[in-house]
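Undergrad: Sharing a model that was predicted from the sequence below.
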Amino acid sequence: MFRIPWKHAGKQDFRKDEDAAIFKAWAEFKGKLTDGGGQDSPAAWKTRLRCALNKSPEFDEVDRAQLDISEPYKVYRLVPPSEQGVVVPEKKSKEKPTRKSKRRSSEVERDVVVVRDKRIKTEDATSQLSDISVQKEEPVQHSDASSSSSFIQRDGVDEIRLDVRIEGSVPAPREVHDSFNVAIHYLGREVLTRQVPGTDVRITYLPSSLVAPTPSTVLRGRFPRVPLPEPPAALPAGPELQALLTLLPFMERGVVLTSTLQGVYGKRYCQGRVFWTGPHTTTAGLHKMERDTEPVLLFSRDAFKQQLDHFCSHGGDPPQCGVTLCFGEELSDTEDPNRKLIIVQITLPWAEQQVQNAQSLQNAQSLFDPIALLQSLASQSPLGEITLNLVAVPSPTSDATVTFGSL
């Protein structure tokens, strides 16, 4: 993915040579650097590049643009060839088209590719084995009471016959981009949850005299913010509530979380102390965020990948997908977060999606356990063979039925 500066040409601080550099380069490459009157037109340059990106199947605009800041930008990604789609053009008539019709035909075909690309979704055909049953045909010879199989006598040949149903075309999970799920707890009670798309988020206290922001509010530092709310009336009065009210103003500048290729980093700006726990700590004891220091790596992508690979290969507990922040108090791995004044739970949807995919894969592999049953049944057959009839289950969105064949 990459960013393109997207400042409006009518802004007072618009710099043509810098803010419109990429648009100008594209216009020069296409031989349309000037308009019909021979004048430079940054707005026209931007329109040409935007149209080219929208029409090209190789680029896709990502919903992570920031257009209401001092240096606005849009975000695009390179589309893998497997997602671009292929369109075979129809055969043309034997008439030799004119040069103008050739150009128009090329543009139409390109537009068709774009339309197809918008509707293509990556799918993995996942087979599911189910409804395994033993069919009884006449005449049937039953084995002793300890055996659950049935034999079929047909032309002097004993065989076991099972029908296996296969359901395909299970859509693959959608890719989850960088984002944060934030849950704020006061004295063990959840007071706010919010999902923040993008790679950055600031968790901060907003005094009650300020107007509460909407989820789309963006600070001057380009970070969407999640406010620490005022304590709800449902919290019981007492020394703990008073301590919470005293602590909140010290969290006014908050903590910033940033997601990178290495993982999720945290940086403290507030006066109040901040401690954290997570699955990728390298040292025992307390982990404190210090002010005026480099950001701290809270969640490592490499460590998560290693834990996920181990889970896929050996099973056990799935890897954790987030970290815990504690404001104003010390927090260790052995302490109960529900007894703390302010706890912020951060979970990462992209990591949760990968864990769900791994669990789904393990469940799919467990469907093949009946193979051991089939081998056991085959060993009971005089010929050591079984017959499988594969019956296709039609898709809920289609009336077509495909026969996979039989073994």
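TA: Perfect, thanks for sending it. None of these values were measured; they are calculated from a predicted model. Numbers count the residues shown, from 1 in each chain.

Undergrad: By mean pLDDT, point me to the weakest helix or strand of this structure.
TA: Across the helices and strands of the chain, the lowest-confidence element by mean pLDDT, DSSP states H and E is strand 128-134, at a mean of 36.

Undergrad: right, and the helix or strand after the helix or strand hosting Asp302?
TA: With elements taken from DSSP states H and E, the one containing Asp302 is helix 301-314. Downstream of helix 301-314, the next assigned helix or strand under DSSP H and E is strand 322-327.

Undergrad: contacts for that following strand?
TA: 181, 203, 228, 247, 251, 255, 264, 266, 270, 272-279, 298-299, 331, 337, 340-348, 351 (Cβ atoms under 8 Å, 6 or more residues apart in numbering). C-betas here are computed from N, CA, C, even on glycine.

Undergrad: So which elements touch the helix holding Asp302?
TA: Applying 3 or more Cβ pairs under 8 Å, 6 or more residues apart in numbering; DSSP states H and E, we find helix 301-314 packed against strand 263-268, helix 349-366.

Undergrad: need the least confident one among these, by mean pLDDT.
TA: Looking at the helices and strands packed on helix 301-314, the lowest mean pLDDT belongs to helix 349-366 (a mean of 83).

Undergrad: tell me the angle it makes with strand 263-268.
TA: 150 degrees (axes from the mean of the first three to the mean of the last three Cα atoms, to 10 degrees).

Undergrad: Leaving out the residues flanking it, which one is nearest to His185?
TA: Nearest residue to His185 in three dimensions, chain neighbours excluded: Ile343, at 4.3 Å (Cβ to Cβ, 6 or more residues apart in numbering).

Undergrad: SS state for Asp63?
TA: Secondary structure assignment for Asp63 (DSSP: H, G, I helix; E, B strand; the rest coil): strand.

Undergrad: Would you mind listing the residues in contact with it?
TA: Going by Cβ under 8 Å, 6+ apart, Asp63 touches Pro197.

Undergrad: same thing with His177?
TA: His177 makes contacts with 62, 64, 197, 350, as judged by Cβ under 8 Å, 6+ apart.

Undergrad: what sits against the residue lying closest to Thr199 once chain neighbours are set aside?
TA: Spatial nearest neighbour of Thr199, excluding adjacent residues (Cβ to Cβ, 6+ apart): Ser259 at 4.4 Å. Applying Cβ under 8 Å, 6+ apart, we find Ser259 in contact with 178, 180, 199-200, 348.

Undergrad: The helix or strand encompassing Leu257 relative to helix 301-314, how many degrees between them?
TA: Following DSSP H and E, one finds Leu257 within strand 255-259. For strand 255-259 against helix 301-314, the angle by the same axes, to 10 degrees is 60 degrees.

Undergrad: Which member of the contacts of Ser259 is positioned nearest Lys11?
TA: Using Cβ to Cβ, Asp200 is the member of the contacts of Ser259 that lies nearest Lys11, at 23.6 Å.

Undergrad: Quick one: the helices in the chain, in order.
TA: Counting by DSSP state H, the chain has helices at residues 16-19, 21-29, 42-55, 81-84, 99-119, 239-247, 301-314, 349-366, 370-380.

Undergrad: So which bits of the fourth one are buried?
TA: In other words, helix 81-84. Of the residues in helix 81-84, Gln84 count as buried by neighbour count, 16 or more other Cβ atoms under 10 Å.

Undergrad: Now do the same contact list for His310.
TA: Listed by Cβ under 8 Å, 6+ apart, the contact partners of His310 are Gly316.

Undergrad: gap between it and Pro349?
TA: 22 Å (Cβ to Cβ, to the nearest Å).

Undergrad: and if you look at Leu241?
TA: To Pro349, Leu241 is 33 Å away according to Cβ to Cβ.

Undergrad: are any of the contacts of His177 buried, and which?
TA: By 16+ other Cβ under 10 Å, the contacts of His177 give Arg64 as buried.

Undergrad: contacting residues for Val264?
TA: Val264 touches 257-258, 297-299, 323, 346, 348, counting by Cβ under 8 Å, 6+ apart.

Undergrad: how does it look with 10 Å?
TA: Going by Cβ atoms under 10 Å, 6 or more residues apart in numbering, Val264 touches 178, 180, 199, 201, 257-258, 278, 280, 295-301, 304, 322-323, 346, 348, 351.

Undergrad: The closest residue to it other than its chain neighbours: neighbouring residues, count only.
TA: Excluding the flanking residues, the one nearest Val264 by Cβ to Cβ, 6+ apart is Phe299, at 4.1 Å. Neighbour count for Phe299, taken as other Cβ atoms under 10 Å: 25.

Undergrad: separation between Phe299 and Ser259?
TA: Counting by Cβ to Cβ, the gap from Phe299 to Ser259 is 9 Å.

Undergrad: Can you list the low-confidence ranges for this structure?
TA: Counting by pLDDT under 70, the chain has low-confidence residues at 35-39, 85-176, 208-222, 364-377, 384, 386, 388-407.

Undergrad: domain parsing for it?
TA: Split into domains by automatic domain parsing, the chain comes to 2-119, 128-171+369-406, 179-359.

Undergrad: Over to Gly278: give its phi and psi.
TA: phi -160, psi 170 (degrees, to the nearest 10).

Undergrad: what's the closest non-adjacent residue to it?
TA: Excluding the flanking residues, the one nearest Gly278 by Cβ to Cβ, 6+ apart is Val323, at 3.8 Å.

Undergrad: cool, and Asp40?
TA: Spatial nearest neighbour of Asp40, excluding adjacent residues (Cβ to Cβ, 6+ apart): Thr34 at 6.3 Å.

Undergrad: ok, the one you found - how many residues close by?
TA: By other Cβ under 10 Å, 13 other residues sit near Thr34.

Undergrad: got it, and Gly316?
TA: Gly316 has 9 nearby residues by other Cβ under 10 Å.

Undergrad: who's in contact with it?
TA: Shown in contact with Gly316 (Cβ under 10 Å, 6+ apart): 307, 310.

Undergrad: That one and His185, how far apart?
TA: As defined by Cβ to Cβ, Gly316 lies at a distance of 28 Å from His185.
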